[in-house]
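Asker: Kindly generate the corresponding structure for this input.
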Amino acid sequence: MTSGDHYRAKAAELRARSRREADPSLRAELEGLAAGFARLARQADLNSQADITYETPPNDRKPELEP
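Answerer: Numbers count the residues shown, from 1 in each chain. Model (predicted):
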């Protein structure tokens, strides 16, 4: 299961919980959290497709002379 799948599962869980919630403010909060997890899932999917290579930049600084 990919990280995007984990985020989608959490979003679904939060949506289901919000449907059972009687308090409107808590329901809205849970829906907001679900939307955030859905965004994380989309971003995780995009990140998994990226081919990123990081190279440490060279250290061009000269060593300081000891006194």
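Asker: alpha carbons only for contacts and neighbour counts from here, please
Answerer: Will do.
Asker: For the spatially most central residue of the chain, report the pLDDT, please.
Answerer: Geometric centre of the chain, nearest residue: L40, 4.0 Å, by C-alpha atoms, centre = their mean. As predicted, L40 sits at a pLDDT of 97.
Asker: Likewise for A35?
Answerer: pLDDT recorded at A35 is 98.
Asker: Grab the nearest non-local neighbour of it.
Answerer: A11 (6.8 Å; C-alpha to C-alpha, 6 or more residues apart in numbering).
Asker: How much space separates that neighbour from P58?
Answerer: Distance of A11 to P58, computed by C-alpha to C-alpha, to the nearest Å: 43 Å.
Asker: what about these two, which has more around it?
Answerer: A11 (24 against 6; other C-alpha atoms under 10 Å).
Asker: So for the helix or strand containing A38, what gets flagged as buried?
Answerer: Using DSSP states H and E, A38 sits in helix 24-49. By neighbour count on 16 or more other C-alpha atoms under 10 Å, the buried set for helix 24-49 is 27, 30-35, 37-41, 44.
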